[in-house]
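In: please find the sequence and the predicted model below.
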Amino acid sequence: MPARQLAYVSQGRLHVYGEGGTRAVESVFGRSVRERAIQIQQRHAWKSEGRGAQFMMRGVLWPGEMRDPAELPIAITSVTRGRNAGELLYSLQTDAVSGIFAVDADGVEQRIFHTSDFRVRHMAVSPDGTIATSILHKNATANIAVLQMEGTDFFEASEGDSMDLAPCWVPGGRRLVFQSAGVGRDGAGRITGYGPSAIQELDLDSG
């Protein structure tokens, strides 16, 4: 029987604790995003030197372009066990994109899904490989979404002006439980707070 291991997220980084101690698991996708940012900065380095610097001082370039790409915020936001032994699924976000990735026991990474439309949180995987996750929209609401390990058949299973988080599969069927709180807004549509949280159950077959 393989040794038990514990995966956890701390300060935006993924760690695995086992008999050999704790090891960090680096996201290949996250590293590639940072490397591309460094390459872009190097190609445009002339803008910070000589006459190029004058243009920057005049405000032609956005201030954001002056950031150090090595400091580009890349954070792993959640982790869960995968469908196979030793497999982990994790969600990651940068300033521009968010996605779900799988990494197997040998450290091979697979991109399941990524998007710039919303942020991904809180995942759970059913025995047949169906992923339930909480997605945070730009209007400060969150819904439960469901997709396959292949990144296909994506759909939002809950809706409304609410904050739906932390989905979990109910054994023996296509049912989910999750935490939900209503969003309170003023007359202009601005968020004023959230209502009490409740645990909801959703049957995906009947809706």
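Out: Structure's in. What do you need? This structure is a prediction, so every number in the text was calculated from the model and none was measured.
In: run through the helices of the protein in chain order.
Out: Assignment of helices within the chain using DSSP state H yields the ranges 28-43, 50-57.
In: mean pLDDT lowest for which of those?
Out: Within the helices of the chain, the stretch with the lowest mean pLDDT is helix 50-57, showing a mean of 48.
In: hmm, Tyr8 and Arg23 touching each other?
Out: No - taking contacts as CB atoms under 8 Å, Arg23 lies outside contact range of Tyr8: 11.8 Å. (Glycine included, C-beta is placed from N, CA and C.)
In: find the residues that touch each one of these two.
Out: Overlap between the neighbourhoods of Arg23 and Tyr8 consists of His15, taking contacts as CB atoms under 8 Å, 6 or more residues apart in numbering.
In: so what's Ala140 closest to, chain neighbours aside?
Out: Nearest-residue entry for Ala140: Ile191, 5.4 Å, with adjacent residues in sequence omitted and distances by CB to CB, 6 or more residues apart in numbering.
In: ok, the one you found - how many residues close by?
Out: By other CB atoms under 10 Å, 14 other residues sit near Ile191.
In: ok, Leu136 next?
Out: Other residues within reach of Leu136, judged by other CB under 10 Å, total 20.
In: which residues does it contact?
Out: Phe118, Arg119, Val120, Arg121, Ala142.
In: beta partners of it?
Out: In this entry, Leu136 is beta-bridged to Arg119, Ala142, by DSSP bridges.
In: tell me the pLDDT at it?
Out: pLDDT, the model's per-residue confidence, is 93 for Leu136.
In: measure it to Phe154 for me?
Out: For Leu136, the distance to Phe154 (CB to CB, to the nearest Å) stands at 15 Å.
In: and what of Ser32?
Out: Computed with CB to CB, the distance linking Ser32 and Phe154 is 23 Å.
In: more neighbours, the two?
Out: Neighbours around Ser32 and Phe154, counted as other CB under 10 Å, are more numerous at Phe154. The numbers are 14 against 10.
In: is it true that the residue nearest to Ala140 touches Ser162?
Out: No - the pair Ile191 and Ser162 fails to qualify as a contact (CB under 8 Å) at a distance of 11.9 Å.
In: joint contacts of these two?
Out: Jointly contacting Ile191 and Ser162 under the rule CB under 8 Å, 6+ apart are Val183.
In: quick one: the strands in this structure, in order.
Out: 6-10, 13-18, 21-25, 75-81, 88-93, 98-103, 109-115, 119-125, 130-136, 142-148, 155-156, 162-170, 175-185, 191-203 (DSSP state E).
In: CSV for those strands, including distance to Ile38?
Out: Formatted as CSV, the entries for those read as follows, by distance: least, CB to CB, whole Å:
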stretch, distance to Ile38
strand 6-10, 25
strand 13-18, 20
strand 21-25, 21
strand 75-81, 18
strand 88-93, 18
strand 98-103, 20
strand 109-115, 20
strand 119-125, 24
strand 130-136, 28
strand 142-148, 32
strand 155-156, 36
strand 162-170, 34
strand 175-185, 39
strand 191-203, 37
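In: now do stretch 151-166: distance from first to last residue.
Out: End-to-end span of stretch 151-166 (CA to CA, to the nearest Å): 19 Å.
In: so what's the gap between it and the chain middle?
Out: What separates the centre of stretch 151-166 from the centre of its chain is 14 Å, taken as CA atoms, centre = their mean, to the nearest Å.
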